[in-house]
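In: the amino acid sequence is not available; the structure is as follows:
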């Protein structure tokens with residue numbers, strides 16, 4: 001698979017509703033034995049997960065990877081904290097950005113690229129309620145325009 005992302009396993013659709021996405025980063029994940037098998041089976045939940053920079057390293061919290069069915073005693077804790085693999089320069093940028101008020105690190109999607117599980121991490125700023133309403137009104141207006149255009153095409 002040349003450039004671009006591979007097979008998308010899970011997406012955080014609510015993130016674009018709740019946050020303004022400023023920048024995105026691709027990060028690898030440090031996983032234990034049966035976790036990658038569960039990810040390939042699509043048993044991942046990104047809801048309520050976030051990342052944090054601690055001591056020059058990035059950690060992912062709240063990511064739920066269900067235990068592998070054939071994993072028996074080798075299974076992992078589904079909610080454990082996972083280390084993310086980024087370049088030092090990217091981590092330095094994230095340290096500076098997350099110190100600013102209102103910025104958060106949110107995982108957008110998990111996918112498999114060249115056999116490795118990757119997470120697309122976004123530097124995001126939280127939306128206020130009026131921003132969400134504005135975005136919904138804009139989306140509804142666009143839908144109405146498209147519907148009217150299709151009706152006009154039929155005539």
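Out: Here it is on my side, so go on. Keep in mind that what you see is a predicted model, and the values were worked out from it rather than measured.

In: biggest helix in this protein by residues?
Out: Longest helix in the chain, counting residues (DSSP state H): helix 129-154.

In: got the buried residues for the helix-or-strand element of the chain with minimal mean pLDDT?
Out: Confidence across the helices and strands of the chain bottoms out at helix 14-18, with a mean of 83, counting by mean pLDDT, DSSP states H and E. Within helix 14-18, the residues scored as buried using 16 or more other C-beta atoms under 10 Å are 15-16. Every residue, glycine included, has its C-beta placed from N, CA and C.

In: remind me what that helix packs against, helices and strands.
Out: Packing contacts for helix 14-18, counted by 3 or more C-beta pairs under 8 Å, 6 or more residues apart in numbering; DSSP states H and E, involve strand 103-113, strand 116-126, helix 129-154.

In: any chance of those in JSON lines, plus mean pLDDT, mean neighbour count and distance to residue 66?
Out: Listed next are these as JSON lines, based on pLDDT from 0 to 100; neighbours: other C-beta atoms under 10 Å; distance: least, C-beta to C-beta, whole Å:
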{"stretch": "strand 103-113", "mean pLDDT": "91", "mean neighbour count": "20", "distance to residue 66": "13"}
{"stretch": "strand 116-126", "mean pLDDT": "90", "mean neighbour count": "19", "distance to residue 66": "14"}
{"stretch": "helix 129-154", "mean pLDDT": "86", "mean neighbour count": "10", "distance to residue 66": "30"}
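
In: wait, which of those is closest to residue 12?
Out: Closest to residue 12 of the helices and strands packed on helix 14-18 is strand 103-113 (C-beta to C-beta; 5.4 Å).
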